[in-house]
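Student: based on what follows, work out the 3D shape:
(4 chains)
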There are 2 protein chains.
Amino acid sequence: MISAGYQKLAEFARRLGGLTTGDAATFAGAFREMKVKKRQFIIQPTFPANHRNYVVSGALRAYVVGEEGSEHTISFAVEDWWITDYNSYIYQQPATMFVVALEDSVVLQIDYEHEQILKQTNHRFESLFRQMAERGLAFQQRRLIANLTLSAEERYDHFLQHYPQIARRVPQYALASYLGMTTEFLSKIRNNKVRKKS
Amino acid sequence: MISAGYQKLAEFARRLGGLTTGDAATFAGAFREMKVKKRQFIIQPTFPANHRNYVVSGALRAYVVGEEGSEHTISFAVEDWWITDYNSYIYQQPATMFVVALEDSVVLQIDYEHEQILKQTNHRFESLFRQMAERGLAFQQRRLIANLTLSAEERYDHFLQHYPQIARRVPQYALASYLGMTTEFLSKIRNNKVRKKS
DNA sequence: TTGTTCCGATGAACCAGATTAAGAAAAACG
DNA sequence: CGTTTTTCTTAATCTGGTTCATCGGAACAA
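Tutor: Residues are numbered from 1 along each chain as shown, chains lettered A, B, ... in the order given. Predicted structure coming up:
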């Protein structure tokens, strides 16, 4: 009996990559399951990020720490999302991010070498990874636009609109640092304590 | 006699994708050359971005226009770089960006359908596009970190360090809006008119 | 159960960077 | 060329968001 996690991942591969059931199973089979406790790290600076992680359940957060010690959230991942220090993973260089579990979670990990083999053995796997990267890139670009274009309050509203589940689920300090503002200010926005125009 | 532009693109494909000389020529052959005059647009909102553009010479700029009419530069592209409205291109939806030439330029364009055919016909082409997307994603992530982590002045210094040629080449208003600040403030930074700490 | 540590709320003082307005310099153009 | 348009500079003023400091509650450990 295959775990529910592997089935979710296989379904993901079938949906996005158009893989056959057999190929999807092969794909998922290259991953190994890992349980992560709340507050446990799966990626830390200095060490290279050796895995790409598919989230089966729970929630994780990637962040960097600035000069003065302030944390800046780079990404969240909940069920059916992916997370890693992408820059570290693809270039196989030391990570600059932390990736930590916000809740007890289950992830499926593939390591760099296995991923290379997968991509070489089947054109469709290669295509799947390409699509994941392209979607990630498009996502990042949309986020960048939001950051450049919107005010703090608008960024929060925008996030709420697009990811209401996540906004409710992650701690406020994590969301604030994702949106590029302080916890205090997000608190004020949430409680409507910000002077509005007119 | 093949134009110098096609040779540059073929060289790019050989270098990044590890293509044979023959494959690289096939790859480059799927593109068509286009001359773009300064101030000419190659992508505009409403129309879908039908092409991925490789810059042979010149410089281009992608930007969005916010509510109130302010421009925000999303990316620059000079020789040997790529540019398009990625979100529009991969999902084949109406563009939200403008892409305009900052100088008279020459670009090589491939349209969406031709790209799909390329990817299907040769695993190595698929792999090349995957790598381009991955690098783009890693690049975006580094930029996001810089935006979240650094002050306006630090962002400028950081950019200068990494892309001194571009900083000198593009108009100041374009650079300022790329770095997420006003032209006026960038002017102050450049002329050391910003109050420094101690 | 009682510390202890973490997390969010609130308010006052402060500041990095925006806005506004005007002119100077440089580039485009006929 | 000279003229027109675009780009850059400077300075005064203003503001969205930060910083700092304090408090209350919830989660957590022992």
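Student: quick one: the helices in chain A?
Tutor: A:4-17, A:21-29, A:86-91, A:112-121, A:123-149, A:152-162, A:164-169, A:172-179, A:183-190 (DSSP state H).
Student: how about the last one and chain B, touching?
Tutor: Put plainly, it is helix A:183-190. No. Between helix A:183-190 and chain B, judged by C-beta under 8 Å from any C-beta of the partner chain, nothing touches; the nearest distance is 14.4 Å. Any C-beta I mention is one placed from the backbone N, CA and C, and that applies to glycine too.
Student: what packs against that helix?
Tutor: The helices and strands touching helix A:183-190, judged by 3 or more C-beta pairs under 8 Å, 6 or more residues apart in numbering or on different chains; DSSP states H and E, are helix A:152-162, helix A:172-179.
Student: okay, buried residues for it please.
Tutor: Residues A:Phe185, A:Leu186, A:Lys188, A:Ile189 are the ones in helix A:183-190 that count as buried (16 or more other C-beta atoms under 10 Å in any protein chain shown).
Student: got the CA coordinates for that helix in PDB?
Tutor: This file holds the C-alpha atoms of helix A:183-190, laid out as PDB (Å, rounded to 0.1, in the frame of the first residue of the first chain):
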ATOM      1  CA  THR A 183       4.700  42.900  12.500                       C
ATOM      2  CA  GLU A 184       3.600  46.100  14.200                       C
ATOM      3  CA  PHE A 185       2.400  47.600  11.000                       C
ATOM      4  CA  LEU A 186       0.600  44.500   9.800                       C
ATOM      5  CA  SER A 187      -1.100  44.400  13.200                       C
ATOM      6  CA  LYS A 188      -2.400  47.900  12.600                       C
ATOM      7  CA  ILE A 189      -3.600  47.100   9.200                       C
ATOM      8  CA  ARG A 190      -5.400  44.100  10.400                       C
END
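Student: low-confidence ranges in chain A?
Tutor: Residue ranges of chain A with pLDDT under 70: A:1-2, A:193, A:195-198.
Student: how about the residues of chain A by DNA strand D?
Tutor: Proximity of chain A to DNA strand D (C-beta under 7 Å from any atom of the strand) is limited to residues A:38, A:70, A:151-153, A:180-182, A:184-185, A:188, A:194-195, A:197.
Student: any of these buried? List them.
Tutor: For these, a neighbour count by 16+ other C-beta under 10 Å gives the buried set as A:Ala152, A:Glu153, A:Gly180, A:Met181, A:Phe185, A:Lys188.
Student: so the fourth one sits against A:Ala152, correct?
Tutor: Yes. Proximity of A:Met181 to A:Ala152 meets the contact threshold set by C-beta atoms under 8 Å, at 4.6 Å.
Student: give the closest residue to A:Ala133 in space, chain neighbours not counted.
Tutor: In space, and not counting its chain neighbours, A:Ala133 is closest to B:Ala133: 3.7 Å by C-beta to C-beta, 6 or more residues apart in numbering or on different chains.
Student: please apply the same query to A:Tyr173.
Tutor: A:Thr183 is the one closest to A:Tyr173 (C-beta to C-beta, 6+ apart), at 4.6 Å.
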